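A.B. asks: I would like the atomic coordinates for the input below:
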Amino acid sequence: MSTPLLEYRNVSKSYGDKLILDNINLKLPHGKIIGLLGRNGAGKSTLIKLTNDLLAPTSGEIFVNGETVGAHSKEIIAYLPERTYLDKQLTVEQTIKFFAEFYRNFDTAKAKKLVKELNLDPSQKVSKMSKGMQEKLQLILVMSRNAELYILDEPLGGVDPATRDYILDTILSNFSEGASVIISTHLIADIERILDEVIFIDEGKIFLTGDADKLRKEHNTSIDKIFRQTFKANVNTNN
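C.D. replies: Numbers count the residues shown, from 1 in each chain. Reported below is the predicted structural model:
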């Protein structure tokens with residue numbers, strides 16, 4: 001069997017007495033678009049921060065290409081955080097130059113092409129851009145890396161519904177061949193058309209994973225409705 005691109009083994013995360021992630025076991029393959037789906041506060045962002053070595057698990061281990069997450073995995077993973085981290089004093093063009101110098105796998109030509117396609121002004125300072133424009137720029141920077149795994153935390157949160165499809169198409173047509181994309185979101189209906197696989201998470205636990213098309217056929221409905229039904233059943237069980 002080939003080594004999973006990403007593997008979680010008995011991963012838990014607590015802050016004091018509060019359990020955020022509860023014994024996550026998961027294997028994710030190469031070459032898939034995967035939805036990490038759940039409500040706000042379900043544990044999605046914590047799982048993503050652990051994967052990016054920004055937090056350490058309380059227990060368990062995370063592996064990227066068979067190796068424990070660490071400095072080496074930053075070359076493999078391109079990460080789009082939920083919050084803007086850009087230097088507000090730089091222009092779009094200067095930001096691209098900075099990323100090109102920082103990441104060996106950054107494709108400047110692709111970044112400039114996407115800037116044009118997403119109607120950003122290369123000479124505009126980040127500080128003068130709207131939140132939605134800044135999110136577009138962050139997405140461009142992430143998708144312009146020739147990574148093996150792209151992790152996007154709520155990439156549609158700050159953009160209007162009309163722009164969402166455009167951004168999804170940008171994601172769909174710009175990740176490296178053979179790479180995987182994890183999209184973490186609570187906007188399930190907006191992204192489900194591009195998903196190969198889904199992971200439902202709530203209260204720090206994985207309660208359903210699988211191939212998106214198979215789940216649709218099995219349940220005879222959309223991923224969004226499956227999530228709502230499963231989550232409702234989950235709530236009723238907990239009560």
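A.B. asks: Spell out, range by range, the strands that occur in this protein.
C.D. replies: Ranges of strands in the chain, per DSSP state E, are 6-15, 18-28, 33-37, 59-64, 67-68, 77-80, 149-153, 180-185, 197-202, 205-211.
A.B. asks: Tell me the strands beside the third one, with direction?
C.D. replies: Read it as strand 33-37. Taking DSSP bridges as the criterion, strand 33-37 pairs within the sheet with strand 180-185 (parallel), strand 197-202 (parallel).
A.B. asks: Now do the contacts for Thr230.
C.D. replies: Phe200, Phe207, Leu208 (C-beta atoms under 8 Å, 6 or more residues apart in numbering). Every C-beta, even on glycine, is put in place using the N, C-alpha and C of the backbone.
A.B. asks: can you pull the pLDDT of the closest residue to Lys97 other than its chain neighbours?
C.D. replies: In this structure, Lys97 finds its nearest non-sequential neighbour in Thr108, 7.9 Å apart by C-beta to C-beta, 6 or more residues apart in numbering. Thr108 is assigned 97 on the pLDDT scale.
A.B. asks: how many neighbours does Thr108 have?
C.D. replies: By the criterion of other C-beta atoms under 10 Å, Thr108 has 12 neighbours.
A.B. asks: ok, residues contacting stretch 66-76?
C.D. replies: Contacts for stretch 66-76 (C-beta under 8 Å, 6+ apart): 3-4, 7, 50-53, 61-65, 104-105, 147-149.
A.B. asks: Tell me the buried residues within these.
C.D. replies: Neighbour-count burial (16 or more other C-beta atoms under 10 Å) applied to those gives Pro4, Glu7, Leu50, Thr51, Asn52, Asp53, Ile62, Phe63, Val64, Ala147, Glu148, Leu149.
A.B. asks: and which of those residues is nearest to Gly157?
C.D. replies: Nearest to Gly157 among these is Asn52, at 18.0 Å by C-beta to C-beta.
A.B. asks: contacting residues around that closest one?
C.D. replies: Asn52 neighbours (C-beta under 8 Å, 6+ apart): Val69, Ser73, Lys74, Ile77, Tyr79, Ile151.
A.B. asks: from those, which is closest to Lys217?
C.D. replies: For these, the nearest to Lys217 is Ile151 (27.9 Å; C-beta to C-beta).
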